Structures are given as structure tokens and as C-alpha cells.
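In: sharing a model that was predicted from the sequence below.
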Amino acid sequence: MRWFFSIVMALGLSSANATEFKPAAGQQIILQAELPETADMQQLRQALMYQRDSTATLPLAQLYLIGARQPGYDDWFHQAEQLLRNVDDAARQGLEYWLLLADVQQQQHQFAAALLSLEQVFALQPRHIQASLMAARVYLALHQLEPAQQACSRIWQQDLFLFSVCSYEVAGRRGDWQQSYVALQQLWQRQSSLPPAIDIWLRGILAEQAEQLGLFETAQQWLSPVLAQAPTSLWLKWADLSLLLGQADAVYQSITAIPQRQNIADSLLLRLAMAEQQLAKPAQFGKQLGERMQLRLARGDTDHAADLALYFLHFVPDPAAAVHWAELNYQRAKEPDDVRLLTLSQQAQQQSLGSSE
């Protein structure tokens, strides 16, 4: 852990108690307006009608990937993927193509493929900041902590702030939750202003670390002020924390207010159905969730198996099935939430076996 303490010394960060600071919680979540195709996207689409080359294809794919992270726009990942399949050979030699492809692959939990694509980026630009941060994120998903730190270290000479955030996230995953959390708090407090995307990213890490320290309300407060601009992954974390805190009504009201609610990901629909269940409302969303889960099972769909594990824990109690899907999920991703899901599923199975004896 020597590198961790050297960063603390270099930045002058103390090891104060992790409960000293609480972020200001937003009183109200104001959702953005509906996210239609922008004028830039429409212009690029029109350009593709006349000339199919990378000058329009790659920028359009990038815009789809940016939009796809918003709740209800998951299908835009497929739009981006289709565009990348159709690029010309010249584009496939470029850095931008491989970076976009890696982004699609890591979103689909194709982590090995994403790392191979990122190697193509590093062959062209060894210290590419975005690629380095993406590589660190992928390695963290696989719980490969040394490679994750090596990915962070690629950028330490270019951007000390991003390097520090990246490294403290890795340190947290090593088990240094309290020291990392305090250091990240202080980094965040020292910034007079951050670009929205960086602020959301940092708040997501702070929320995870606060949760791991048992500071569930504080973890939720890190996310609430930026939820309207946050990606689906942070909506899921906010919803899980809110349900844990007994705030099912906030989850229900916020998710049903999403402009593209009919198209939200199964994982977010699942949290909406859980809120509906906790509020003892008629199972409108529970029924919709059941239909989607049955379709997944019929297709043998193993993508995002965590949703099926949660479904068999909370809606159609079947501990053995929950363990099966949680184990499949853990084979792909080994982040704290994945470990917790597997543990909960195994505990449910043990309790079921114990009660049947």
C-alpha cells in the first residue's frame, strides 16, 4: 500500500474520521427534458445518406454513446454498435474507432474484448487519458487491482487530479475504504468547479465508498443533486440506497417521472417494481418486469444476469435460481455489488434448505 500513502503525503491529505463531512442533499430532483436526437445527430445522419465514411459515422456513434447512458435510451448503444460495424477500413486504423468500440464492449460486459480494443488505443497513444480511465474501470469490474492501478498510473504526469481520483478508487477496492473516502472528500471540496461529467463520476465513487463504510444516507446524498444528469448506473445505486433507507416513494415517483420510462433498462424497471412492491401498490410494473424476465429466460439471455438473480430473490422466490444467475453474473463482474448479490443469494438458498429440513 506504499503508493497509497505516498499520494496522501503528496496531496497533504489527512486521515480524519470518515463521518465528518456530509454533502449537501438536493431537496428536489428535477428531471431533464426528453432527450430527442439533437440537431448535430440529425445533421450527421443526413450526411451519411450521401457519403458513408468515418467523418460522419464516428462522431454520430460517439453522440449515441453519450446519450445512451441516460435512462430510457439504452437502445442507442445498439445504434452506436451498428454504426461501428459499418465503418470503412481506414477508420478501423484510427484511435477514435477503437476507443468507441471499447466503450460499447465494456457497456455490454465484454471486458476482455474491451481491453483488447484499448490496447489498440495505447499502441497509438500510450498515455491516452480517457482510455486509461476506461481500462482502470474495466480492471476494477474484474477485480484485477494491480492492472487497474497501472492503468491509473499512465496519466499521473498529465493530470494529477484524475490520477488521484482513479488511484483512490482502486485503494478503496483494496479495502482502504475510510482513508480513500476521506482523501476523495478533500479532493472534491478543494475543487471550485468541476465539469459536470467529472463531478458525476467522482460523486459516484464517493457514494460507493460511503456505502461501504455504512454511511447509507450520506452515500445517497452524494448522488441526489446530480441524479437528473446521471447515467443509469448511478440511478440504480441511488435507487438501491433509497430502498434500503425506506424511501420507496421517492424511488417510485422519480423513476415514473423519467421522460422515456417506457424504454428504461430492465435493471431500472426492477427497482421501480421493488418500490411498487414496498408501497403495496397494484403490481403494474411488477407484471411488466415479469414479462421482460420471461422473455430473457426464453432467449437464454445471460447479459446482465444480476437482474435475473434479483428477480428470483424478490419477485418469484427461487433461491437456487437466484444463486445460478448470481454466479453467472459474478463470473463476468466482481464489483462490490456483484459480491453482495452472490452472498445474498447464497444466504437465501441456505435459509431455504434449513427451513426444509
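Out: Alright, I've got the coordinates.

In: CA atoms for contacts and neighbours, from now on please.
Out: Will do.

In: ok, Ala275 touching Ile255?
Out: No - counting by CA atoms under 8 Å, Ala275 does not reach Ile255; the two are 9.7 Å apart.

In: these two - which one has more neighbours?
Out: Neighbours around Ala275 and Ile255, counted as other CA atoms under 10 Å, are more numerous at Ala275. The numbers are 27 against 21.

In: count of neighbours near the nearest residue to that one once chain neighbours are set aside?
Out: Distance criterion CA to CA, 6 or more residues apart in numbering; nearest residue to Ala275, sequence neighbours excluded, is Ala248 at 4.7 Å. Using other CA under 10 Å, Ala248 has 23 neighbouring residues.

In: any idea how far Ala248 is from Met293?
Out: Distance, Ala248 to Met293, by CA to CA, to the nearest Å: 22 Å.

In: isn't the residue nearest to Ala275 right up against Trp238?
Out: No - with contact defined as CA under 8 Å, Ala248 does not reach Trp238; the gap is 11.2 Å.

In: the longest helix in this structure is where?
Out: Longest helix in the chain by number of residues (criterion: DSSP state H): helix 336-356.

In: check which residues of that one are buried.
Out: Within helix 336-356, the residues that count as buried by 16 or more other CA atoms under 10 Å are 338-339, 341-342, 344-346, 348-349.

In: distance from the chain centre to stretch 311-323, please.
Out: Using CA atoms, centre = their mean, to the nearest Å, the mean C-alpha position of stretch 311-323 is found 23 Å from that of the whole chain.

In: list the buried residues of it.
Out: Neighbour count says stretch 311-323 has 311-315, 318-323 buried, by 16+ other CA under 10 Å.

In: nearest to Gln157 among the residues you listed?
Out: Val323 (44.2 Å; CA to CA).

In: now that closest one, nearest residue through space, not along the chain?
Out: In space, and not counting its chain neighbours, Val323 is closest to Ser345: 5.1 Å by CA to CA, 6+ apart.

In: surely Trp98 is in contact with Leu118?
Out: Yes - using CA under 8 Å, Trp98 makes contact with Leu118 at a distance of 6.6 Å.

In: so for those two, which sits in the more crowded spot?
Out: Higher neighbour count among Trp98 and Leu118: Leu118, with 26 against 23, using other CA under 10 Å.

In: now do that one against Ile255, distance only.
Out: 34 Å.

In: one more: Ala61?
Out: Ala61 is 27 Å from Ile255, where distance means CA to CA.

In: and Ala273, by the same measure?
Out: Ala273 sits at a distance of 10 Å from Ile255 (criterion: CA to CA).

In: please save the CA atoms from stretch 264-278 in CSV.
Out: Taking Å, rounded to 0.1, in the frame of the first residue of the first chain, the C-alpha atoms of stretch 264-278 are listed here in CSV:
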residue,chain,number,x,y,z
ILE,A,264,-35.9,2.1,-19.3
ALA,A,265,-33.5,-0.8,-18.8
ASP,A,266,-34.7,-3.9,-17.1
SER,A,267,-32.4,-3.1,-14.1
LEU,A,268,-34.2,0.2,-13.5
LEU,A,269,-37.6,-1.3,-14.1
LEU,A,270,-36.7,-3.9,-11.5
ARG,A,271,-36.1,-1.1,-8.9
LEU,A,272,-39.3,0.6,-9.9
ALA,A,273,-41.2,-2.7,-9.3
MET,A,274,-39.4,-3.2,-6.0
ALA,A,275,-40.6,0.3,-4.9
GLU,A,276,-44.1,-0.6,-6.1
GLN,A,277,-44.0,-3.8,-4.1
GLN,A,278,-42.8,-2.0,-0.9
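
In: so which bits of that stretch are buried?
Out: 264, 266-277.
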